[in-house]
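>>> Provide a 3D model corresponding to the input given below.
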Amino acid sequence: MIKHARFNKRQQAVEELVHRIESGLLADGHLLPGEKQLAEELRVSTGTLREALAELERRKYIAMQTEGSAIVTYDGMTLDQNNGWTQALADTGARIHTELLQLQAVERPQLSLKFGLSQFITLVRRRSHDDGSAISLERSLMPATGGLESLPRTGLIDESLTITLAAYGFVAQNGDQWISAEPLNQEDAFLLGRAPGSVFIKALRTTYDRHGRFMEQVESWLDPQRFRMYQSLGTPK
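Sure, this is the predicted structure:
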């Protein structure tokens with residue numbers, strides 16, 4: 001009964017927000033009120049409100065963004081990375097070719113103690129524009145546990161790492177990302193078809209799932225002619 005009542009409140013919140021959006025009360029591109037204010041207006045708990053907002057995002061009525069988070073653009077178009085880089089780039093209409101260069105089990109002694117794991121799965125992918133020029137190189141490191149140890153044999157689901165991780169119960173909850181501009185070493189320059197020392201954007205992201213488990217560390221090298229990082233600060237006026 002409690003679960004049913006909570007479901008009804010969530011649906012009522014969803015319907016009210018859809019009404020506000022479709023009637024123009026909440027204009028496209030405008031920020032929603034804060035969680036506390038919105039929950040009070042709709043007379044629901046913040047937990048129920050978050051479930052309603054997640055439903056609206058799934059139905060493409062809104063786009064959720066963590067305050068102060070970085071937005072990545074490709075040729076000026078914002079990338080929605082919730083479903084992974086492959087889908088995000090495809091959604092822009094860009095004709096991008098993704099090559100799987102490596103998918104195998106490896107040992108990383110320097111990271112074993114940090115993450116409490118003896119073995120990892122590494123995935124290396126290169127993405128190229130339709131004209132043949134490489135635009136990014138991505139190295140992902142995942143735990144060789146929870147079924148992921150079979151990936152070198154079974155491969156990715158729908159060629160998506162995000163979908164594959166979710167299928168094995170790894171759903172991102174939190175993490176951190178370091179972004180810098182660094183020169184390419186000889187190996188990476190060769191893979192990207194650039195001269196050693198060429199400066200690329202480097203993003204190093206570590207992600208943990210909703211259970212607090214390490215799920216991925218990914219190092220991305222991005223062509224600065226194609227990619228840019230945007231970050232909003234403070235309270236929008």
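>>> and residue 219, what pLDDT?
Residue 219 carries a pLDDT value of 95.
>>> And residue 82, by the same measure?
pLDDT, residue 82: 57.
>>> and what of residue 211?
Note on residue 211: pLDDT of 85.
>>> Over to residue 126?
What the model reports for residue 126 is a pLDDT of 96.
>>> what about it, which helix or strand?
Secondary structure assignment for residue 126, by DSSP states H and E: strand 120-129.
>>> partners of that strand in the sheet?
The sheet places strand 120-129 alongside strand 96-106 (antiparallel), strand 134-143 (antiparallel), with pairing taken from DSSP bridges.
>>> So what touches it?
For strand 120-129, contacts defined as C-beta atoms under 8 Å, 6 or more residues apart in numbering pick out 85, 89, 94-108, 111, 134-144, 148-149, 151-152, 156, 161, 191-192, 226. Where you see a C-beta, it was placed from the backbone N, CA and C, and this is true even at glycine.
>>> Any chance of a PyMOL selection covering the buried ones in those residues?
In PyMOL syntax, the buried subset of the contacts of strand 120-129 is picked out as below (16 or more other C-beta atoms under 10 Å):
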select buried, resi 85+89+94+96+98+103+134+135+136+137+138+139+140+141+142+143+144+148+151+152+156+161+191+192+226
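>>> what are the ranges of the strands in the protein?
Secondary structure of the chain (DSSP state E): strands at 70-74, 77-78, 96-106, 120-129, 134-143, 172-183, 199-209, 214-222, 227-231.
>>> Would you pull up how far the third one lies from the middle of the chain?
Taking C-alpha atoms, centre = their mean, to the nearest Å, the mean C-alpha location of strand 96-106 is offset from the chain mean by 18 Å.
>>> Next up, the contacts around the residue nearest to residue 141 when sequence neighbours are not counted.
Nearest non-adjacent residue to residue 141, counting by C-beta to C-beta, 6 or more residues apart in numbering: residue 217, 4.6 Å away. By C-beta under 8 Å, 6+ apart, residue 217 lies in contact with 111, 140, 141, 204, 205, 206, 207.
>>> The fifth one: what's it in contact with?
I take that to be residue 205. Residue 205 neighbours (C-beta under 8 Å, 6+ apart): 175, 176, 177, 178, 216, 217, 218, 220.
>>> for it, which residues make a bridge with it?
residue 177, residue 218.
>>> so how far is residue 145 from it?
20 Å (C-beta to C-beta, to the nearest Å).
>>> Give the rounded mean pLDDT of stretch 96-113.
Mean pLDDT, stretch 96-113: 92.
>>> likewise stretch 168-184?
Across stretch 168-184, the average pLDDT comes to 88.
>>> coming back round to it: with respect to residue 44, which of the contacts of residue 217 is nearest?
Residue 44 has its nearest neighbour among these in residue 207, at 29.5 Å by C-beta to C-beta.
>>> least trustworthy helix or strand in this protein by mean pLDDT?
Sorted by mean pLDDT, DSSP states H and E, the helices and strands of the chain end with strand 70-74, the least confident at a mean of 57.
>>> Isn't residue 46 up against residue 36?
Yes. Look at residue 46 against residue 36 with C-beta atoms under 8 Å: they come within range, at 6.9 Å.
>>> hmm, back to that, from the contacts of residue 205, list the buried ones, please.
For the contacts of residue 205, a burial check counting by 16+ other C-beta under 10 Å picks out 216, 217, 218, 220.
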